[in-house]
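Peer 1: Predicted structure and sequence below. I'll ask about it afterward.
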Amino acid sequence: MRYLYSPPNKDSRLDHMGTYARTLPVSLDRMYENALDWEHLPHLHDSSFTDIECLDAGGWGWRARVKDPRGRDSLLELRLDRDCRRWITRNIEGPSQGAEIWTHVFVTAPHQLDLVIDFFVPGVDPTAREKVGRAYAGAYERLYDEDVEMMTERQRQLDKRVDGPRDQDTLFIPLPDIEDLPLRVNLSQREFLLNQSGGQWVVYPAACPHQMGPLDGELSPEGEVRCPWHGYTFSVITGECTSGASCRFGRVPNLAVQDDGLMLSW
Ligand code: FES
Ligand SMILES: [Fe+2]
């Protein structure tokens, strides 16, 4: 972990607990998208957040009430400043009231950037600052470990998006080739999942219609799959979002069960 600490500066407006730095294999677009995406916090980062209620959000950032795993509420605000490639997260109310996290990004290649995060926490004894700073750095390391997977998978999905014809292909999958479920298959350069629900074969998109999260998790007994990025659930039978969002699955191929295998066609 790249954590940097320098002795307290008595002229600082805010007490500096140290800096966490890391390189991430993502573009600036994915990084901004991630910073503005308040909705993923209690789903992707469920060891840090258990609930969120957004009060306001826009291209400027967001303000939200969050709950941590100890049941404590905080009011957070994130403000994005694209000109400075920076966002500041402020703890407005709650156990860390007054704390500010300043994140700067430096683009080093089209899909690579350096992240520099400074932690400012009021009222910490100078002798305890390094310990507090290391705790913040550890927490942010975990958050970005979780985020980097989401950002790189979303980029992979965006890079392979195709607009070509959808209806010229068929695919036969012999039954002996189906070992673990769900089985990922490609048809017309699109990825689908084959699975069983209530004893019936089903086929559905491998990527979530919201922001392309992975839908390869387990099905519920009702035939629902939950996307890990923002927690939306979908019926793999009807394609509807069952958690209230307006998105739904796009077109899926027809599935015919034959004696020796499964046939997918448009
Ligand atoms: S990507 Fe947001 S719920 Fe799936
Ligand atoms: Fe995140």
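Peer 2: All right, it came through fine. Ligands and ions are numbered 1, 2, ... in the order given.
Peer 1: what about Lys160, neighbour count?
Peer 2: 11 (other CB atoms under 10 Å). From N, CA and C alone the C-beta is placed, and that goes for glycine too.
Peer 1: same question for stretch 58-65, mean pLDDT?
Peer 2: Here stretch 58-65 scores 98 as its mean pLDDT.
Peer 1: Check which residues of that stretch are buried.
Peer 2: Buried residues in stretch 58-65, counted by 16 or more other CB atoms under 10 Å: 61-65.
Peer 1: Also stretch 251-266?
Peer 2: Buried-residue list, stretch 251-266, by 16+ other CB under 10 Å: 252-253, 255, 262, 264.
Peer 1: Name the nearest of the buried residues of stretch 58-65 relative to ligand 1.
Peer 2: Trp62 (15.7 Å; CB to the nearest ligand atom).
Peer 1: Wait, the closest one touches Cys54, no?
Peer 2: Yes - using CB atoms under 8 Å, Trp62 is in contact with Cys54, at 6.1 Å.
Peer 1: List the residues that are in contact with both of these two.
Peer 2: Common contact partners of Trp62 and Cys54 (CB atoms under 8 Å, 6 or more residues apart in numbering): Trp38.
Peer 1: which bits of the protein sit near ligand 1?
Peer 2: 208, 210-213, 227, 229-230, 232 (CB under 6 Å from any ligand atom).
Peer 1: and the stretch of helix or strand Met31 belongs to, which residues are buried?
Peer 2: If you go by DSSP states H and E, Met31 is part of helix 28-36. Of all the residues in helix 28-36, those buried under the rule 16+ other CB under 10 Å are 30-32, 34-36.
Peer 1: what do you get for stretch 122-132?
Peer 2: 124, 129-130, 132.
Peer 1: picking that back up, tell me which other helices or strands the helix holding Met31 touches.
Peer 2: Helix 28-36 sits against strand 61-67, strand 73-81, strand 100-109, strand 112-120, helix 129-159, with contacts defined as 3 or more CB pairs under 8 Å, 6 or more residues apart in numbering; DSSP states H and E.
Peer 1: Which among those is found nearest to Gly217?
Peer 2: When the helices and strands packed on helix 28-36 are compared by CB to CB, helix 129-159 sits nearest Gly217, at 13.6 Å.
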